[in-house]
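**Q** Here you go, sequence then predicted model.
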Amino acid sequence: MIRRFFLDPGAVAVVCRATAEGFLVEVEGRQFRFALEVQKPGQGLVITQEGQRLPVYFARHSQGGWHLFFRGQELTVHLVDALRRHSRVSGAQRQGEELRAPIPGRVVQVLTPPGTEVQPGTPVLVLEAMKMQNLITTQAAGVVEEVLVQPGNAVEQGQLLAVVGGGSAT
Amino acid sequence: MRVLIANRGEIALRLIRACHELGWEAVAVYSEVDAQQPYVLAADAAVLLGPPAPRASYLNIPRLVEVATSTGCRAVHPGYGFLAENAAFARAVQEAGLVWMGPPPEVIELLGSKTAARELAVQVGVPVTPGTPPLAHVEQAQAFARRVGYPILLKAVGGGGGKGMRAVATDEELADAFARAQAEGLAFFADGRVYAEKLIQRPRHVEVQILADRQGRVVHLGERECSIQRRHQKLVEESPSPAVTPELRERLGKAAVAVAQAAGYVTAGTVEFLLAPDGSFYFLEVNTRLQVEHPVTELVYGVDLVQWMMRLALGEPLTLTQEALVPRGHAVECRVYAEDPQRDFAPSPGRVQVYREPAGPGVRVDSGVEEGCVVPLDYDPILAKLIVWGEDRRQSLARLRRALTEYVILGVHTTLPLFQRLCQDPDFLAGNVHTGFLQEFLAQPRVAAEPEAVALAAALAMSGAAPPREKPVPDGEETNSWRLLGRQRLLHRWLP
């Protein structure tokens, strides 16, 4: 059985083969051979080609991706299934700028109601999380077409907050 | 004897442990999202305060006093944050006939005003940075800046923890910064007054721990170096400071004791100073509470600060003498926050899927979390504190490095990987730090994922070895457990 992934960000191809002995994985032209012995949820042993047994801890990260602890170090690895990658890219191509929540939080204030002309870097709303207030700003100039949240709303990471139209604001 | 612990998380657990060691009972309080937190289960009794919002729970003064009274508590300890430096809460506790385990409310009020605290320091001959009284107009700030030279700092009178504070480097930035400091002061501390100070460049943040009794006896327990900060909030603290000689320690200690005595301080407190590269120091403020970083002092001085704070509040005399307080070895603390150090410390709430604490010689972990517990979005993101002690700084940093290779927290981002990187940094290892150190350190290029780890992640994805997710989502799509939390909250609203 073979599964292909892309590393995100970077779009490095990752090819993973299940073999009789374990796994054979190709990353950036390098091959890794090892077996995996899962002991309990979140904990296992990696058995290397040389027969070394190394503990590994793993979980799905709350904000996406794999969260690993291996060889005394923590890593977050985002893998995108190769089959899904293309549909995601084409779906993201839309007109204008979409402002999305970079972090989960609560909307404190909307600074630019629909119709407001904005320049690159104009603060559109204030998002609060864990006692910190964060300004959500625009990348491009344009006109705010839609604000999809209100003060007091809880938002998830990646949630669409506002749409800025592509027209130039001169 | 029963004590109400008016706080949550790791500090609540620290306070509960102190109560138990003193032979007392501890009553915990919790909000709807905190019912399963370890500190709630560690207490002798626990009472639900209300909905998650701090104002409805941990900041709800009438409710806290009512809970303390109805559960038969004799005293209230506020921990740090929330109501720890709130004189109205201290008064409400005392008026209910309970012991407030902190400094008297008048002292909190006096030292809570930055300008009054500065005046007090000046009166007792402790140096302060050049500064102004509260300013009515931005023009006054400009006049001050022209006199002492840029950069200057604008500060909200009631501010703290970096809130309401703005550094200004030029005339052009001044008006906007003045308005923002005023607005933040109003929003966070209900006080829009702003004052200005000369900004000391590349200073260290050094603070002195004090203990004081009702009879006016005050001792100091040396300094803590707290220069490694992000957004004016500390991340790493150590004691002693690599920059403080025994002679300087004595002068800092005397200054801290003088301020505490003049204020009529009782229980445990901290006097903060800026230490300039030339060795001169300036009084900053007094924190009228137990500090997050108190454990480094406990390890180096062999003193339980929390127990002392509680006993002093009950009126016991301070039997520690200054001569007997001698530091031994070196201790360092790392604050483990649920934040992503690679993305400007963005909050990372969610479920802790894997949790393994380090142990062994010289290692102490003050933690508020355990495996499977949810880190809520509503509060300060501190999860735990890793504190290590060694015979000297070299040994304690070696132990820190070792302990970090044993500390596993998966499921949410934490500051742990940042501490691993710090332990490789020549300047940190040499003790060459200042309050802007971390910002410069973070500007260094980040490390890419090792191909070996990527290979491992692919194998895990393929083997289906992962514990089930809280909500099934397609591979590669961004997600978090906030969805689930949001639903919980909605459910609570409909429960009786």
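**A** Arrived safely.
**Q** distance of residue A:127 from residue A:110?
**A** Between residue A:127 and residue A:110 the computed distance is 10 Å (CB to CB, to the nearest Å). (C-beta placed from N, C-alpha, C; glycine too.)
**Q** repeat for residue B:341
**A** Distance check for residue B:341 against residue A:110: by CB to CB, it reads 29 Å.
**Q** and what of residue B:287?
**A** According to CB to CB, residue B:287 stands 35 Å off from residue A:110.
**Q** Quick check: phi and psi at residue B:432.
**A** Backbone torsions for residue B:432, taken as degrees, to the nearest 10, come to phi -90, psi 80.
**Q** same deal with residue A:157?
**A** Backbone torsions of residue A:157, given as degrees, to the nearest 10, read phi -60, psi 130.
**Q** these two touch, right, it and residue A:102?
**A** Yes - taking contact to mean CB atoms under 8 Å, the distance of 7.0 Å between residue A:157 and residue A:102 places them in contact.
**Q** quick one: low-confidence ranges for chain A?
**A** Using pLDDT under 70 as the threshold, the predicted model of chain A has low-confidence ranges A:83-96, A:131, A:167-170.
**Q** For chain B, give me its nearest residue in it.
**A** In chain A, no residue comes nearer to chain B than residue A:62, which is 2.5 Å away by CB to the nearest CB.
**Q** secondary structure class for that residue?
**A** Secondary structure state of residue A:62, per DSSP: H, G, I helix; E, B strand; the rest coil, is coil.
**Q** So what's the residue count around it?
**A** Residues contacting residue A:62 under the criterion other CB atoms under 10 Å in any protein chain shown number 29.
**Q** From what I see, it and residue B:350 are in contact.
**A** Yes - judged on CB under 8 Å, residue A:62 makes contact with residue B:350 at a distance of 2.5 Å.
**Q** Surely residue A:67 is in a strand?
**A** Yes - when classified by three-state DSSP, residue A:67 is found to be part of a strand.
**Q** Show me the domain layout of the chain.
**A** By default, I'm working from chain A. Under the assignment automatic domain parsing, the domains of chain A span A:2-85, A:94-165.
**Q** actually it's chain B I care about, not the one you picked
**A** Following automatic domain parsing, one gets these domains for chain B: B:2-101, B:130-198, B:204-442, B:451-494.
**Q** among these, which is nearest chain A?
**A** Between chain A and the domains of chain B, the shortest separation by CB to the nearest CB is 2.5 Å, and it involves domain B:204-442.
**Q** returning to what we had before: neighbour count: residue B:341 and residue A:110, which is higher?
**A** Higher neighbour count among residue B:341 and residue A:110: residue B:341, with 23 against 20, using other CB under 10 Å.
**Q** Leaving out the residues flanking it, which one is nearest to that one?
**A** Taking CB to CB, 6 or more residues apart in numbering or on different chains as the measure, residue B:341 lies nearest to residue B:418, with 3.9 Å between them; neighbours along the chain are not counted.
**Q** now do residue B:257
**A** Spatial nearest neighbour of residue B:257, excluding adjacent residues (CB to CB, 6+ apart): residue B:218 at 4.8 Å.
**Q** same for the longest strand along chain B, what does it pack against?
**A** If you go by DSSP state E, chain B has its longest strand at strand B:218-230. With contacts taken as 3 or more CB pairs under 8 Å, 6 or more residues apart in numbering or on different chains; DSSP states H and E, strand B:218-230 sits against strand B:204-212, strand B:233-239, helix B:246-263, helix B:294-301, helix B:437-442.
**Q** Now with 10 Å, please.
**A** strand B:204-212, strand B:233-239, helix B:246-263, strand B:267-275, helix B:294-301, strand B:330-337, helix B:416-422, helix B:437-442 (3 or more CB pairs under 10 Å, 6 or more residues apart in numbering or on different chains; DSSP states H and E).
**Q** Would you convert the ones you listed into JSON lines that also reports mean neighbour count, mean pLDDT and distance to residue A:79?
**A** Supplementary listing: those in JSON lines, determined by neighbours: other CB atoms under 10 Å in any protein chain shown; pLDDT from 0 to 100; distance: least, CB to CB, whole Å:
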{"stretch": "strand B:204-212", "mean neighbour count": "25", "mean pLDDT": "98", "distance to residue A:79": "41"}
{"stretch": "strand B:233-239", "mean neighbour count": "25", "mean pLDDT": "96", "distance to residue A:79": "30"}
{"stretch": "helix B:246-263", "mean neighbour count": "19", "mean pLDDT": "98", "distance to residue A:79": "52"}
{"stretch": "strand B:267-275", "mean neighbour count": "25", "mean pLDDT": "97", "distance to residue A:79": "46"}
{"stretch": "helix B:294-301", "mean neighbour count": "25", "mean pLDDT": "98", "distance to residue A:79": "39"}
{"stretch": "strand B:330-337", "mean neighbour count": "26", "mean pLDDT": "98", "distance to residue A:79": "26"}
{"stretch": "helix B:416-422", "mean neighbour count": "21", "mean pLDDT": "96", "distance to residue A:79": "19"}
{"stretch": "helix B:437-442", "mean neighbour count": "16", "mean pLDDT": "92", "distance to residue A:79": "26"}
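**Q** Can you check what angle separates the longest strand of chain B from helix B:246-263?
**A** Strand B:218-230 and helix B:246-263 meet at an angle of 110 degrees, taking axes from the mean of the first three to the mean of the last three CA atoms, to 10 degrees as the criterion.
**Q** Can you show me the helices along the stretch 101-250 of chain B?
**A** Secondary structure of the stretch 101-250 of chain B (DSSP state H, counting those that start in this stretch): helices at B:105-112, B:114-123, B:138-148, B:171-189, B:246-263.
**Q** Now the residue nearest the centre of chain A. Its backbone dihedrals?
**A** With distances taken as CA atoms, centre = their mean, chain A has residue A:64 as the residue nearest its mean C-alpha position (5.8 Å). Main-chain dihedrals, residue A:64, degrees, to the nearest 10: phi 100, psi 150.
**Q** thought it was touching residue A:157?
**A** Yes - between residue A:64 and residue A:157 a contact is recorded at 8.4 Å, counting by CB atoms under 10 Å.
**Q** do the helix or strand where residue B:457 lies and chain A meet at all?
**A** Following DSSP states H and E, the helix or strand that holds residue B:457 is helix B:451-463. Yes - figure legend: helix B:451-463 in contact with chain A (CB under 10 Å from any CB of the partner chain); contacting residues B:451-463.
**Q** JSON lines please, covering the domains of chain B and showing distance to residue A:10.
**A** Written out in JSON lines, the entries for the domains of chain B read as follows (distance: least, CB to CB, whole Å):
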{"stretch": "domain B:2-101", "distance to residue A:10": "36"}
{"stretch": "domain B:130-198", "distance to residue A:10": "35"}
{"stretch": "domain B:204-442", "distance to residue A:10": "14"}
{"stretch": "domain B:451-494", "distance to residue A:10": "10"}
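**Q** Residue A:68: which of the ones you listed is closest?
**A** Go through those one by one with CB to CB and the one that ends up closest to residue A:68 is domain B:451-494, at 5.7 Å.
**Q** Helices of the stretch 251-400 of chain B, residue ranges please.
**A** Counting by DSSP H, counting those that start in this stretch, the helices of the stretch 251-400 of chain B are B:294-301, B:305-313, B:393-404.
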